[in-house]
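In: quick one, fold the following:
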Amino acid sequence: MENSTKHGRRRCASSALIPIAIFFVIGELSVVRGDNVLEADGPGQNLTSIAKIYSTSTAQPAMLAIRGGTILSIHDHIAILPPGGLTGLQAQGLASQ
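Out: Alright, predicted model coming up:
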């Protein structure tokens, strides 16, 4: 539905914009809420990460090195998000770093 203004420009009725706005808000929230984790599991897992963003909203850490895995992190950022985000970094087991 379109209306004309006194200057001759057309504009969309606000009811037509509501579904579009909801789509963009839901899309943006899903991007923010998605967990992005890095896990090195085992002695053969030697990972390097440079200037990336990791996040967690669960009990799983955003960066996890277990059973001898190693992670070299340079200028990375970690976000711990609600409702269940608890730990940003964790190394577990012998030789894990």
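
In: the bottom helix or strand of this structure by mean pLDDT?
Out: Lowest mean confidence among the helices and strands of the chain (mean pLDDT, DSSP states H and E): helix 14-33, at a mean of 49.

In: quickly list the domain ranges of the protein.
Out: Here the domain parsing of the chain from automatic domain parsing is 1-33, 35-97.

In: of those domains, which shows the lowest average pLDDT?
Out: Confidence, taken as mean pLDDT, is least for domain 1-33 of the domains of the chain (a mean of 51).

In: who's in contact with Ala79?
Out: Contacts for Ala79 (CB atoms under 8 Å, 6 or more residues apart in numbering) come out as 53-56, 62, 85. In short, each C-beta sits where N, CA and C put it, glycine included.

In: among those, which one has the most neighbours?
Out: The most neighbours of any of the contacts of Ala79, using other CB atoms under 10 Å, belong to Ala62, which has 26 neighbours.

In: which residues in the chain form strands?
Out: According to DSSP state E, the chain carries its strands in the segments 2-4, 10-12, 38-41, 46-50, 53-56, 63-66, 70-74, 77-80, 89-92.

In: pick the most buried one from these.
Out: Compared across these, strand 63-66 shows the largest average neighbour count, a mean of 21 (mean count of other CB atoms under 10 Å).

In: pull up the pairing partners for it, direction included.
Out: When pairs are called by DSSP bridges, strand 63-66 turns out to pair with strand 38-41 (parallel), strand 89-92 (parallel).
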